[in-house]
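Visitor: Build me a model from this:
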Amino acid sequence: MIPKVFKEVIDLGDGRQITLETGKLAKQAHGSVVVQSGKCMLLCTVVSNYDYKDLDFLPLTVDYREKYAASGRYPGGFFKREARPSDGEVLTMRLVDRVLRPLFPKDYHAETQVMIQLMSHDDDVMPDAMAGLAASAAIQLSDFPFECPISEARVGRINGEFIINPTRAQLLESDIDMMIGASADSVMMVEGEMDEISEEEMTDAIKFAHEHIKVQCAAQVRLAEAFGKKETREYPAEREDADLEKKVYNMAYDKVYAIAKAGSAKHERTTAFAEIKESIKATFTEEELEDFGDLVSRYYYKAEKAAVRDLTLNEGLRLDGRKTNEIRPIWCEVDYLPSVHGSSIFTRGETQALATVTLGTSREANQIDMPSFEGEEKFYLHYNFPPFSTGEARPIRGTSRREIGHGNLAQRALKGMVPSDCPYTVRVVSEVLESNGSSSMATVCAGTMAMMDAGVQMTKPVSGIAMGLISDGDSGKYAVLSDILGDEDHLGDMDFKVTGTADGITACQMDIKVKGLSYEILVNALKQARDGRLHILEKLTETIAEPREDVKSYAPKMVTVRIPNEYIGALIGPGGKVIQELQKETGCTIVINEDPETEEGIVEILGTGQEGIDAVLAKIKSITFKPKMNSVYEVKVIKMLDFGAVVEYLEAPGNESLLHVSELAWERTENVSDVVNMGDVFDVKYLGFDPRTKKDKISRKALLPKPEGYKERAPREDSRNGGRDNRGRDNRGRDRDRDRKRD
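Guide: Below you'll find the model as predicted:
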C-alpha cells in the first residue's frame with residue numbers, strides 16, 4: 001500500500017528551502033520525520049518507553065550519526081563499518097540535547113531516545129544546522145509531553161550581511177559562526193565563534209536567527225496538525241505533599257540563608273548544608289523516611305535554592321561572600337613544567353587548569369574524516385576533566401561528551417588568534433585539576449598563557465569568563481553574576497560563557513533556562529561579562545605580556561622551504577633512502593607536502609639543533625641548485641682530468657661541472673695543472689647549457705682580462721659541419737695530431 005505522505009516547506013530565502021516530510025519512513029517509531037535541503041537528507045526518529053523508572057532525572061539520549069554512504073564513501077579502518085561517534089557528531093548531539101531537555105516535564109522519567117541520521121549529503125548544506133529542527137519536528141508528531149516546538153539555525157555574516165544556514169564555503173568568508181536554538185517565544189541556546197565582534201553585534205545575530213526559527217516552529221505545528229496531532233500521553237506524576245513541603249521549607253530556609261550570607265569555601269558550605277538536611281531528616285521517624293524520605297530531600301533542595309537566590313536578589317551577596325560583579329582571586333604561572341614546549345597554570349578561586357603546548361609538523365595535524373567534511377586542524381585543543389578535580393572517585397570510561405564540548409569551546413575561543421602563517425601544528429591540552437565554576441574558561445586563560453610561553457606568536461591574548469543570571473519574573477528584579485560558582489550554575493536562570501580579546505568576542509556558549517529573557521538583560525549581561533574578561537586579561541598579561549620571541553631551547557624549531565615539484569623525488573630518494581638518511585644524520589624531522597595551486601613542494605624541517613636544520617637546508621639547496629646564466633659562482637677543484645678539471649659549487653656541495661681546458665685561461669693551455677690544481681678555489685662564470693656537449697658550460701677565463709694583443713683562435717671542429725671549420729677546411733687530421741702530442 002502506498003503510504004500517505006505529509007509535507008511542509010520552509011523558505012530560507014535566496015531560493016533555498018527546507019522540506020519536512022513524514023508518513024513514508026520509520027512508521028513504528030513514536031515520531032519520525034525526514035528533513036531535506038538540497039540533496040541533504042536527515043532522518044530523525046523518536047521513541048519514549050511507556051514504563052517509567054524511579055529516577056530523579058530524565059534519561060534522554062540524543063544520538064546523531066552520519067552515514068558514509070550519504071556521501072558515497074567507505075568508512076576508514078579495517079572493519080569498514082561506522083563505529084563510535086566522531087567529535088563532530090558528539091558536538092551536534094550536545095547542541096540538540098541542550099535545547100530539548102528543558103522542555104520535557106521535570107517529573108517525566110521515561111527512557112527517551114532521539115536518533116538523527118544523515119542519509120544523504122550535500123556539500124552546500126551543513127547538516128548540523130537542521131538537526132534540532134528534525135528532532136523537534138519528530139517529537140511534535142509523537143505523544144510525548146513536550147512544551148513547545150523548537151528549532152536551531154546557524155548564522156553567518158559576510159560584508160555586514162547576516163546569512164541563515166550558510167554553506168561551508170560561505171563560512172570561510174564569514175566573521176560569525178553561531179548556532180542559535182529557540183522556541184517561537186524564547187531563545188534557549190547560543191554557541192559559536194566570532195571574529196572579535198561587539199556585544200551588540202552578537203545580540204543582532206541572535207535576533208536575526210530567532211526570526212527564522214519562528215518560521216520553522218510554525219511549519220512544525222502545521223505538519224503535526226496535517227498528520228493528526230496525537231493526544232499527549234499520560235504518565236504517573238511525581239508524588240507531592242504541600243504540607244510536608246511547607247514544613248521542610250520553614251525548617252531549612254532561614255538556616256540556609258544564614259550560612260549562604262556568611263560566605264564560605266565550597267567544602268565548608270557543602271558540609272554545613274548537608275548538616276541542615278540531616279537535622280531536618282532527624283525530625284522524622286525511620287518509617288516516615290521510608291515512606292517519604294525522597295520528598296524531604298527534594299523539598300530541602302528546593303528551599304536551599306530559594307534561599308540562595310533570594311540572598312542574591314535582595315542583598316546582592318553570593319555564596320562565597322562576593323558581590324555580583326566580583327571576580328575570585330586569580331594567580332597564574334608560566335613555564336612550570338621543565339620539559340614541555342610551553343606550560344601554564346591558571347587558578348581562579350577553586351578552579352585550576354594546567355595547560356601544555358606541543359609543537360609539531362603538519363604530520364601531527366588532527367585529521368577530520370566525517371561523511372559531511374574531510375579536513376585537518378593545525379591547531380587543536382583537548383580538555384581533560386578527571387574526577388579528583390571535584391573531590392570525587394568515579395570510573396573513567398573514555399572521553400565524555402562534556403569534555404569534547406568544553407574542549408571545542410576553548411579551541412574556538414583561541415584558534416582565531418593563531419596566525420595563519422604559524423609554521424607549527426599546535427596541540428594544547430588542558431588538565432583540570434580543581435573545579436568549582438567554569439573550568440572551560442580557565443582552559444582558555446591557561447591555553448593563552450601556555451601558547452605565549454611556547455613562543456606561538458598569538459595575534460592577541462584571549463580570556464574567558466562564565467556568567468550567570470538570577471531573575472524574578474514577578475517583580476522584574478534580576479542579578480547578573482560574574483565568574484559563577486558550580487552551585488550558582490545549577491540554581492541560576494542562565495549560564496553563559498564568553499571569551500574574547502580586548503577588542504571583541506571570539507566565542508560563546510549560552511544556555512538560557514527562563515522564558516522570555518529580554519534582549520536588554522542579555523546585552524547588560526554581555527557588557528558585565530566584558531568587564532570581567534578585561535579584568536582577567538589584565539591578570540594574564542601581568543604574568544606574560546606577549547609571546548616569547550622564539551621557542552625554547554629544547555623545543556623544536558620549524559623551518560619551511562618551498563621547492564619545485566620536480567625535485568621532490570630527488571629529495572626523497574629511491575625507496576625514501578635520501579630523506580631517511582638525512583633525518584638520521586641530522587636528528588631532524590622532515591615532512592614534504594605538495595601544494596597543487598603553486599605546483600611546489602612544501603618542505604617542513606623540525607629540529608631542536610640549528611646545526612641539524614642547517615645541514616638539511618644545505619642538502620635541499622644542493623639538490624635544487626640550478627646555476628643562472630652569466631652568474632658568477634665560487635668553485636673548488638675536486639678532480640683533475642687531461643682535458644679539464646671537475647669543480648664543485650661551494651654554495652651547493654654535491655653539484656659538479658666540468659671546467660674544460662679551453663676555458664681555463666686566454667692563453668693556450670697544454671696541461672691543466674699549469675693553471676689549476678686539486679683543492680684550488682676560484683670563481684667561474686656560468687655560460688648556460690651547451691647543446692653540443694649536452695652539459696653545462698662554465699668558464700674561468702671569462703672573468704679574466706684578455707691579454708694585450710690577444711687574437712681569437714680558429715674555431716674547432718664542428719661535427720654538425722662535416723668535420724670542417726667555418727671556412728670549409730678539414731680539421732680532423734690536425735686535431736688528431738694535436739691529441740697524439742698531448743698523449
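Visitor: what's downstream of the longest strand seen in the chain, the next helix or strand?
Guide: Using DSSP state E to define each element, the chain has its longest strand at strand 40-52. Following strand 40-52 in sequence order, the next helix or strand is strand 60-66 (DSSP states H and E).
Visitor: Who are the packing partners of that following strand?
Guide: Contact here means 3 or more C-beta pairs under 8 Å, 6 or more residues apart in numbering; DSSP states H and E; on that basis strand 60-66 packs against helix 87-100, strand 110-120, helix 128-140. Yep, even glycine has a C-beta here, placed from its N, CA and C like the rest.
Visitor: tell me the mean pLDDT over the longest strand of the chain?
Guide: For strand 40-52, mean pLDDT rounds to 95.
Visitor: Adjacent strands (with direction) for that strand?
Guide: Strand 40-52 has the following sheet partners, assigned by DSSP bridges: strand 31-37 (antiparallel), strand 110-120 (antiparallel).
Visitor: which of the residues in the longest one are buried?
Guide: With burial defined by 16 or more other C-beta atoms under 10 Å, the residues of strand 110-120 counted as buried are Ala110, Glu111, Thr112, Gln113, Val114, Met115, Ile116, Gln117, Leu118, Met119, Ser120.
Visitor: what's the angle between it and helix 128-140?
Guide: Interaxial angle of strand 110-120 relative to helix 128-140 (axes from the mean of the first three to the mean of the last three C-alpha atoms, to 10 degrees): 130 degrees.
Visitor: Look up how far Met119 lies from Glu21.
Guide: Distance, Glu21 to Met119, by C-beta to C-beta, to the nearest Å: 12 Å.
Visitor: what do these two both touch?
Guide: Val34 (C-beta atoms under 8 Å, 6 or more residues apart in numbering).
Visitor: residue boundaries of the helices in the stretch 251-400 of the chain?
Guide: 266-281, 286-315 (DSSP state H, counting those that start in this stretch).
Visitor: And for the stretch 551-700 of the chain?
Guide: Using DSSP H, counting those that start in this stretch, helices in the stretch 551-700 of the chain cover 568-572, 577-586, 610-624.
Visitor: okay, the ones you listed in JSON lines with mean neighbour count, distance to Tyr478 and mean pLDDT next?
Guide: Shown next, in JSON lines, are the helices of the stretch 551-700 of the chain (neighbours: other C-beta atoms under 10 Å; distance: least, C-beta to C-beta, whole Å; pLDDT from 0 to 100):
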{"stretch": "helix 568-572", "mean neighbour count": "16", "distance to Tyr478": "64", "mean pLDDT": "91"}
{"stretch": "helix 577-586", "mean neighbour count": "15", "distance to Tyr478": "62", "mean pLDDT": "92"}
{"stretch": "helix 610-624", "mean neighbour count": "17", "distance to Tyr478": "59", "mean pLDDT": "90"}
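Visitor: export the ones you listed to a markdown table and tack on distance to Leu295?
Guide: Converted to a markdown table, the helices of the stretch 551-700 of the chain look like this (distance: least, C-beta to C-beta, whole Å):
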| stretch | distance to Leu295 |
| --- | --- |
| helix 568-572 | 74 |
| helix 577-586 | 70 |
| helix 610-624 | 71 |
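Visitor: Of those, which is nearest Ala446?
Guide: Checking those against Ala446 by C-beta to C-beta gives helix 610-624 as the closest, at 30.3 Å.
Visitor: ok so, going back, so which of the helices and strands packed on strand 60-66 is the most packed in?
Guide: Stretch with highest mean neighbour count among the helices and strands packed on strand 60-66: helix 128-140 (a mean of 28; mean count of other C-beta atoms under 10 Å).
Visitor: Show me what secondary structure element comes after that one.
Guide: Once helix 128-140 ends, the next helix or strand along the chain (criterion: DSSP H and E) is strand 150-158.
Visitor: after that following strand comes which helix or strand?
Guide: Toward the C-terminus, strand 150-158 is succeeded by strand 161-164 as the next helix or strand (DSSP H and E).
Visitor: in its sheet, what does that following strand sit against?
Guide: By DSSP bridges, strand 161-164 pairs with strand 150-158 (antiparallel).
Visitor: Could you measure from the nearest residue to Asp503 once chain neighbours are set aside over to Gln117?
Guide: Once flanking residues are discounted, Asp503 sits nearest to Glu196: 4.9 Å by C-beta to C-beta, 6 or more residues apart in numbering. Per C-beta to C-beta, Glu196 is found 37 Å from Gln117.
Visitor: My guess is Ala134 contacts Gly31. True?
Guide: No - the pair Ala134 / Gly31 is not scored as a contact, 10.5 Å apart, by C-beta atoms under 8 Å.
Visitor: how about the closest residue to Asp483 other than its chain neighbours, what does it touch?
Guide: Spatial nearest neighbour of Asp483, excluding adjacent residues (C-beta to C-beta, 6+ apart): Ile327 at 4.7 Å. Contacts for Ile327 (C-beta under 8 Å, 6+ apart) come out as Arg348, Ile465, Ser482, Asp483, Gly532, His535, Ile536.
Visitor: how about a cut-off of 6 Å?
Guide: Residues near Ile327 by C-beta atoms under 6 Å, 6 or more residues apart in numbering: Asp483, Gly532, His535.
Visitor: that older thread, do you know which of the strands paired with strand 40-52 lies nearest Pro461?
Guide: Between Pro461 and the strands paired with strand 40-52, the shortest gap by C-beta to C-beta is with strand 110-120, which sits at 38.0 Å.
Visitor: quick check: angle from the closest one to helix 87-100?
Guide: 130 degrees.
Visitor: wait, isn't Cys637 in contact with Ala645?
Guide: Slight slip there: residue 637 is Val, not Cys. Yes - Val637 lies in contact with Ala645 (C-beta atoms under 6 Å); the separation is 4.9 Å.
Visitor: These two: which is more packed in?
Guide: Neighbours per residue (other C-beta atoms under 10 Å) separate Val637 from Ala645, with Ala645 holding more: 26 against 18.
Visitor: for that one, which residues make a bridge with it?
Guide: Beta bridges link Ala645 to Met640, Leu659 when assigned by DSSP bridges.
Visitor: my read: it touches Met678, true?
Guide: No - using C-beta under 6 Å as the test, Ala645 is too far from Met678 to be in contact (8.6 Å).
Visitor: coming back round to it: which neighbours do Val637 and Ala645 share?
Guide: Contact criterion C-beta under 6 Å, 6+ apart; residues shared by Val637 and Ala645: Val676.
Visitor: hang on, the earlier thing: now distance to Met41 and pLDDT too, for the buried residues of strand 110-120, in TSV please.
Guide: Shown next, in TSV, are the buried residues of strand 110-120 (distance: C-beta to C-beta, whole Å; pLDDT from 0 to 100):
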residue	distance to Met41	pLDDT
Ala110	29	93
Glu111	27	95
Thr112	24	96
Gln113	20	97
Val114	17	98
Met115	15	98
Ile116	11	98
Gln117	9	97
Leu118	8	97
Met119	5	97
Ser120	4	97
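Visitor: Nearest to Ile623 among those residues?
Guide: Looking across the buried residues of strand 110-120 and measuring by C-beta to C-beta, the closest to Ile623 is Leu118, at 46.5 Å.
Visitor: Report the contact partners of that closest one.
Guide: By C-beta under 6 Å, 6+ apart, the contact set of Leu118 is Leu42, Glu66, Lys67, Ala70, Pro127.
Visitor: contacting residues around Leu703?
Guide: Asp683, Lys685.
Visitor: burial count for the residue lying closest to Ser32 once chain neighbours are set aside?
Guide: Among residues not flanking Ser32 along the chain, Ala26 sits closest, at 3.9 Å (C-beta to C-beta, 6+ apart). With neighbours defined by other C-beta under 10 Å, the count for Ala26 comes to 19.
Visitor: Surely Ala26 is in a strand?
Guide: No - counting by DSSP: H, G, I helix; E, B strand; the rest coil, Ala26 falls outside a strand, being coil.
Visitor: Ramachandran coordinates for it?
Guide: phi 50, psi 60 (degrees, to the nearest 10).
Visitor: looking at it, it is touching Thr45, isn't it?
Guide: Yes - taking contacts as C-beta under 6 Å, Ala26 lies within contact range of Thr45: 4.9 Å.
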